[in-house]
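Q: fold the following.
(chains A and B)
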Amino acid sequence: MRVLEAVISSYLEDLLSKKGLEKSTWASMLQPSREASQGDLTLPCFPFASTLKMAPQAIADELAASFPDIDALLHVTSMNGYLNFTAHPEWLADTVLSGSIHVGNALENTGRTGEQVLIEHTSANPNGPFHVGRARNAILGDTLVRLNRLHGNDVRAEYYVDDMGKQVGVLAWALENLSESDVNELLSEREPPSERWTTKADHQRVRWYQAAQVLRKDADVDRKAQIERDIGSLVHASEHGDIAVLESFESAYTPVLEGMLATLSRLGISYDTFTKESRFVVDGTVAKLMQTLDALEIADTADNGAGFLDLGQRGLKGKTEFFYRRGDGSSLYATRDVAYHIWKWGESSRLVNVLGEDHKLQAKQVGLTLEELDQQRPEVLFYSFIKLPEGKMSTRQGNVVFMDDLLEEAHAQASAVVRELRPEYDDETVSAIAEAVGTAAVRFNIIKVSPEKGFTFRWEEALAFEAGSAPFIMYAHTRACSIAKRASDLPSSPVARPSVDTMPEGLIELLRLMCTHNDVLERSVREQKAHLFALHMLELANAYNGFYRDCPVVRDGEVDGFAFSISEMARELLRSGLEGLGIKPIEAM
RNA sequence: GGGCGAUUAGGGUAGUCUGGAUAUCCUUCCGGCCUUCGGAGCCGGAGACGUGGGUUCGAAUCCUGCAUCGCCCGCCA
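A: The predicted structure is shown next:
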């Protein structure tokens, strides 16, 4: 609770400096209490014992007894060697009412902090629809974008389009050389695609890609060799910046990318800028970069002329050779990534990338190379893959859950719940609510766990609408909205902050949580841990429910001015916080 | 084989970077609460730090052995 810390730290500094303890020695030890029942802030006194030659408990006792009586504190106590500070509920209420809690805006850059950040996320190869595993990247990245905006940073969300190289080359080759009946024949042993997505290009065109992969693996030797030559020459041309080939690639992947973006748009995910990988080949920066790399001390050349850096000299363990140029002189994906990052540093003072754990080595290589070029390395948020109960999610084995299917199912199940709970709603209303609830549940299920944790996708968890889920938070928000609507037509008493002895527990708990709201957001942004904020939002919703129970806003046709002010503040925090998580804060559900 | 990460109640998860009290929250199970603003709710109870060492006044947290799981180790992207 920073607001409280700001008030008490000067008093604490006075007291401790008299004992010869400098602030630098204890400042980081003053922390939010682990035992909420003991207080809001805690200073463990154990480390002082040896310098003061006193027992920790005695030190805590003495500090507690001599701490001045100030408005912000209800009491200062000592327990088991800890000095505990409990915020005064009246002070908490005054803090909230005075507007000290920053609500924020997750939807646009406000420039509040003056800091800028470029977040690159998703950047999936445009060769087929999103499955749930790939979508984790987009959901984590978009949430990070939103939370940075909510905090007040100027954010740019960037999609790096992989518009060259083998994957897109295979897609382009297949679209050019395979007929629809070829594709159907090649994929005849697979499950047919869902009828639902016959007009969605990502679901359609991926079949050409898959069919080509089947051919590349199972065709007869001569045919395979011919295909590899054809695709190889396309890829080679693209890597040398052949405009005609790049344009054919673009017309192959663009409808696929549009289909993928349509899926993400349903989840509220969008981008500010798209940068194509080919750009750095076409404008010559990759060629220049390779020359620069050639001149580095740690650069070396293989027998066939390929260029690599020996990153072992810079502390990389395991495989230390990092190839940046093929024997034929063309660049590699990672080379272009280095060029891309140098460009990005010209665009923003802070860079964040969201990457799957399979990119760890690659990111390390790119980072070390950037440092070798006197550039900074970007911050990287890695996430583990999502598994299915049957095992790894794999397009080849056919065990994938497409995001489009998950969202349809979420919508259907949410509709069923809404219909049962609110039989009076018409179809259109039900559908709108179900869409908001369903997509929110899917997003939240992914956001609420720590990114490095590999987790197993389970339908019943992704579609949970109860406590611990997004709809739980949404529901608290609709309650607050409902109260606001009702209160707007009624006479109100003036805002009179009650004294502590008439404050119910549910009110105090809500005030406490509101006073930590900005702290959690700040930490969540700084450490790139969206799940911390997500879990805080659950607590805030829970606290609002407690307030709702203990503290009626409307009683006997009259609005309690104070309770309504608190309710409104909570409503604002719930609304902006939901937007920060990418959840639509609907007003009724 | 090497590198990196993970392991917390029946299931899932926070806390680990920066050591500190009675280990968070959800689910599950058990018991309560609808004549007060929307019960997708609220209150109470049961149940966990993989394992062996080490460091420390103090270890879920730091070091280390082992076990299990995941990812990577291509002149692919």
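
Q: residues of the stretch 1-150 of chain A that sit close to RNA strand B?
A: Contacts of the stretch 1-150 of chain A with RNA strand B, taken as Cβ under 7 Å from any atom of the strand, map to A:28, A:33-35, A:37-39, A:42, A:44, A:46-47, A:79-82, A:84, A:125. In short, each C-beta sits where N, CA and C put it, glycine included.

Q: quick check: longest helix of chain A.
A: For chain A, the longest helix by residue count, based on DSSP state H, is helix A:243-266.

Q: what residue in the stretch 301-450 of chain A comes nearest to RNA strand B?
A: Of all residues in the stretch 301-450 of chain A, A:S450 sits closest to RNA strand B, at 2.6 Å by Cβ to the nearest atom of the strand.

Q: OK, contacts around the closest residue to that residue other than its chain neighbours?
A: Using Cβ to Cβ, 6 or more residues apart in numbering and skipping residues adjacent in sequence, the residue nearest A:S450 is A:H531, 5.4 Å away. When contacts are counted by Cβ atoms under 8 Å, 6 or more residues apart in numbering, A:H531 touches A:447-451.

Q: now the buried members of those.
A: A:447-449, A:451 (16 or more other Cβ atoms under 10 Å).

Q: how about low-confidence regions in chain A?
A: Within chain A, the stretches with pLDDT under 70 are A:394-398.

Q: check which helix or strand covers A:L43.
A: For A:L43, the element it lies in under DSSP states H and E is strand A:41-44.

Q: what's the answer for A:W26, then?
A: If you go by DSSP H and E, A:W26 is part of helix A:23-26.

Q: pretty sure A:D300 contacts A:G312?
A: No: with contact defined as Cβ atoms under 8 Å, A:D300 does not reach A:G312; the gap is 11.1 Å.

Q: on that earlier part again, now for the buried ones among the contacts of A:H531: which two are most distant?
A: Farthest apart among these by Cβ to Cβ are A:K448 and A:P451. That separation is 10.9 Å.

Q: related to what we said a few turns ago, give me the buried subset of the residues of the stretch 1-150 of chain A next to RNA strand B.
A: Of these, these count as buried by 16+ other Cβ under 10 Å: A:33, A:39, A:42, A:44, A:81-82, A:84, A:125.

Q: filter these down to the ones in strands?
A: Counted as lying in strands by DSSP state E, out of these, are A:42, A:44, A:82, A:84.

Q: the second one and A:Y82 touch, don't they?
A: Spelled out, it's A:P44. Yes: using Cβ under 8 Å, A:P44 is in contact with A:Y82, at 5.5 Å.

Q: the helices in the stretch 1-150 of chain A, which residues?
A: A:2-18, A:23-26, A:48-52, A:56-66, A:89-97, A:132-151 (DSSP state H, counting those that start in this stretch).

Q: quick one: residues contacting A:D182.
A: Contacts of A:D182 by Cβ under 8 Å, 6+ apart are A:A211.

Q: A helix includes it, no?
A: Yes: with DSSP: H, G, I helix; E, B strand; the rest coil as the criterion, A:D182 is assigned to a helix.

Q: roughly how far does it sit from A:L175?
A: 11 Å (Cβ to Cβ, to the nearest Å).

Q: sort out which residues of stretch A:387-403 are buried, please.
A: A:388, A:393, A:395, A:400-403.

Q: tally of neighbours for the residue nearest to A:Q413 when sequence neighbours are not counted?
A: Once flanking residues are discounted, A:Q413 sits nearest to A:L463: 5.1 Å by Cβ to Cβ, 6+ apart. Residues near A:L463, counting by other Cβ atoms under 10 Å, number 20.

Q: next, give phi and psi for A:L463.
A: Here the main-chain torsion angles of A:L463 (degrees, to the nearest 10) amount to phi -110, psi 20.

Q: pick out the most distant pair among the ones in strands among the buried ones among the residues of the stretch 1-150 of chain A next to RNA strand B.
A: A:P44 and A:N84 (10.1 Å).

Q: overlap in contacts, these two.
A: With Cβ under 8 Å, 6+ apart, A:P44 and A:N84 have no common neighbours.

Q: identify the residues contacting the residue lying closest to A:D294 once chain neighbours are set aside.
A: Nearest residue to A:D294 in three dimensions, chain neighbours excluded: A:G307, at 6.1 Å (Cβ to Cβ, 6+ apart). A:G307 makes contact with A:290, A:293-294, A:299-301, A:323-325, according to Cβ under 8 Å, 6+ apart.

Q: and these, which of them are in helices?
A: A:290, A:293-294.

Q: just the buried members of those residues?
A: So, by 16+ other Cβ under 10 Å, the buried ones in the ones in helices among the contacts of A:G307 are A:290, A:293.

Q: A:W208: how many residues sit nearby?
A: Neighbours around A:W208, by other Cβ under 10 Å: 28.

Q: RNA strand B versus the residue most central in space within chain A, what's the distance?
A: With distances taken as Cα atoms, centre = their mean, chain A has A:L140 as the residue nearest its mean C-alpha position (2.9 Å). To RNA strand B, A:L140 is 12 Å away according to Cβ to the nearest atom of the strand, to the nearest Å.

Q: isn't that residue up against A:K448?
A: No: if you go by Cβ under 8 Å, A:L140 and A:K448 don't touch, sitting 11.3 Å apart.

Q: who's in contact with the closest residue to A:E108 other than its chain neighbours?
A: Excluding the flanking residues, the one nearest A:E108 by Cβ to Cβ, 6+ apart is A:R149, at 6.7 Å. By Cβ under 8 Å, 6+ apart, the contact list for A:R149 reads A:104-110, A:155, A:580.

Q: and these, which is closest to RNA strand B?
A: The closest of those, once distances to RNA strand B are taken by Cβ to the nearest atom of the strand, is A:G580, at 17.3 Å.

Q: list phi and psi for the closest one.
A: Backbone phi and psi, for A:G580 under degrees, to the nearest 10, turn out to be phi -60, psi -30.

Q: now do the contacts for it.
A: Here A:G580 is in contact with A:104, A:106, A:143, A:146-147, A:149-150, A:521, A:533 (Cβ under 8 Å, 6+ apart).

Q: taking those residues together, which two end up most distant?
A: Going by Cβ to Cβ, the pair spanning those furthest: A:G104 and A:T143, at 14.2 Å.

Q: so between those two, which is more surrounded?
A: A:T143 (29 against 22).

Q: do you know how far the more buried one is from RNA strand B?
A: 14 Å.

Q: what number of residues lie near the spatially closest residue to that residue that is not a sequence neighbour?
A: Nearest residue to A:T143 in three dimensions, chain neighbours excluded: A:A530, at 4.4 Å (Cβ to Cβ, 6+ apart). A count of neighbours around A:A530, defined by other Cβ under 10 Å, yields 28.

Q: kindly report the same for the one 3 residues further on.
A: A count of nearby residues for A:F533, using other Cβ under 10 Å, gives 26.

Q: correct me, but it touches A:S524?
A: Yes: using Cβ under 8 Å, A:F533 makes contact with A:S524 at a distance of 3.9 Å.

Q: what touches both of the two?
A: Both A:F533 and A:S524 are in contact with A:L147, where contact means Cβ under 8 Å, 6+ apart.
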